[in-house]
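Trainee: pasting the sequence and the predicted coordinates here, then a few questions.
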Amino acid sequence: MQDLDNVLDINTPLAVVVVDANGVILHINRWMADWSGHTPGEVAGMPFEHLYPEVLTQGWPFGPAAGAPKPSYIGQVSSSFKVLDLPDVFVLHIATPRGRLDSLLCFPHETAHGEPSYALFFYDQNDGAKHHRDYARAVQQLQRVQLERHAALLCQLEHTTAQLMQNEKMAGVGQLAAGVAHEINNPIGYVFSNLKTLESYMQDMLKIIDAIEHVNGIDDLRQLKRALEYDYIRNDIEDLISESEEGVERVKSIIAALKYFSYTDDDTLRSANLNDGIKSTLLVAGNEIKYKANVVTELGDIPNVMCSVSQINQVVMNLLMNALQAITNSGTITIRSGHESTWVWFEIEDTGVGISPDIQRRMFDPFFTTKPAGLGTGLGLSLSFNIVKKHHGRIDVVSTPGKGTKLRVWLPVNPEALPAS
């Protein structure tokens, strides 16, 4: 990406001054240096109106003179001097040692640090129509640099957003890790206990089998079976095996839910059912929820949607944890799903403290949180909003302070089938 100063110095056949929002000179190109008799180093940091005080009577729009009458505008232009993609058009003139220079364009752009700055283009009116071609060339060069910078910033933003999303997911997994470990440890615990009991039963059964070769008669064998409680062992073995199978299935289901929740599909869209994501997320977060809220599920018969599974699962988890944290002591979380036409929705409703209208306007802003320091990053809802937006969906909020909140997420069945906006 070319440096802006190099573009102004090498590729711009006009006298150019770059000033900040206060009118302080940041740079002049070599043509302006020739006309002004000053080097770039001499004028850097100097207010432009100190060098050319005549601009103060012409509506100089920067610094202390910002409230003065605006310069003479040509055509429909912006008078706010915001950072825009197109230049503002106005007329100024200055007197230099080499003669008069006229300005026609003020091109808003950004410094390398993202601060607003403005390139003022000056031309020699004695050059006739040549300056029009020079202006067009200069603006084209600056717009190209601006586009390159925006592309680089967009790439950096996408990378940072992806990293934040991954960090938020890992933070969520870390928060739930103890609960998931507990959910797995319980069935593993009684499966292990059942195996120890079965080991003891096996020793008794082997004694009965081995005794067949040594007993004097069938009555002795029957007496041994009664002494070892054979009938009880036989019935209990069936129960122990059944319980162990249930425990193993429980562990399998938790691992499957974890795998589904953490599905590493990046941005890949694939056909998936939102109910599966909701169920897996509830299974993963179950231990975290059950001590504070009763969960009610009312999942409808919904069609699959094209989505990034891991990202939508992250939205479900974020909204679920947000609902849980909104409940002060104990309450109810209701999860529903349904569809209308070519849209599928799911909603999470809690009986928590609710959200005031003022907070609702800011709740999806990055890093905004009402939680005490150290208890919230302020990224969960913001990332969820961006994920849903990326899927061409939306989030509706209905909340009553003191009664609870309902967040409904709408997703198109097939984003590619939506009409172009």
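Mentor: Looks like it came in fine.
Trainee: pLDDT weak spots in the stretch 1-150 of the chain?
Mentor: Within the stretch 1-150 of the chain, the segments meeting pLDDT under 70 span 1-13, 63-90, 104-105, 110, 112, 114, 127-143, 145-146, 149-150.
Trainee: now the helices for it?
Mentor: Shown for the stretch 1-150 of the chain, the helices assigned by DSSP state H, counting those that start in this stretch span residues 4-10, 30-36, 40-43, 48-51, 130-211.
Trainee: next, the buried residues of the second one.
Mentor: The reference is to helix 30-36. Neighbour counts over helix 30-36 (16 or more other C-beta atoms under 10 Å) mark Trp31, Met32, Ala33, Trp35, Ser36 as buried. Heads up, the C-betas are built off the backbone N, CA and C, glycines and all.
Trainee: format those as TSV; extra columns: distance to Asp124.
Mentor: Formatted as TSV, the buried residues of helix 30-36 follow (distance: C-beta to C-beta, whole Å):
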residue	distance to Asp124
Trp31	10
Met32	12
Ala33	15
Trp35	8
Ser36	13
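Trainee: now the strands for the stretch 1-150 of the chain?
Mentor: Ranges of strands in the stretch 1-150 of the chain, per DSSP state E, counting those that start in this stretch, are 15-20, 25-28, 72-73, 88-96, 99-110, 116-123.
Trainee: residues near Asn185, how many?
Mentor: 10 (other C-beta atoms under 10 Å).
Trainee: give me phi/psi at the closest residue to Val215 other than its chain neighbours?
Mentor: With sequence-adjacent residues excluded and distances taken as C-beta to C-beta, 6 or more residues apart in numbering, Val215 is closest to Leu221, at 4.9 Å. When read as degrees, to the nearest 10, the backbone of Leu221 gives phi -70, psi -40.
Trainee: would you format the strands of the stretch 1-150 of the chain as JSON lines with distance to Ile208 included?
Mentor: JSON lines is the format used below for the strands of the stretch 1-150 of the chain (distance: least, C-beta to C-beta, whole Å):
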{"stretch": "strand 15-20", "distance to Ile208": "95"}
{"stretch": "strand 25-28", "distance to Ile208": "96"}
{"stretch": "strand 72-73", "distance to Ile208": "106"}
{"stretch": "strand 88-96", "distance to Ile208": "100"}
{"stretch": "strand 99-110", "distance to Ile208": "87"}
{"stretch": "strand 116-123", "distance to Ile208": "91"}
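Trainee: okay, those in TSV with mean neighbour count and distance to Gly300 next?
Mentor: Output for these, formatted as TSV (neighbours: other C-beta atoms under 10 Å; distance: least, C-beta to C-beta, whole Å):
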stretch	mean neighbour count	distance to Gly300
strand 15-20	23	57
strand 25-28	23	60
strand 72-73	12	58
strand 88-96	17	54
strand 99-110	19	48
strand 116-123	22	50
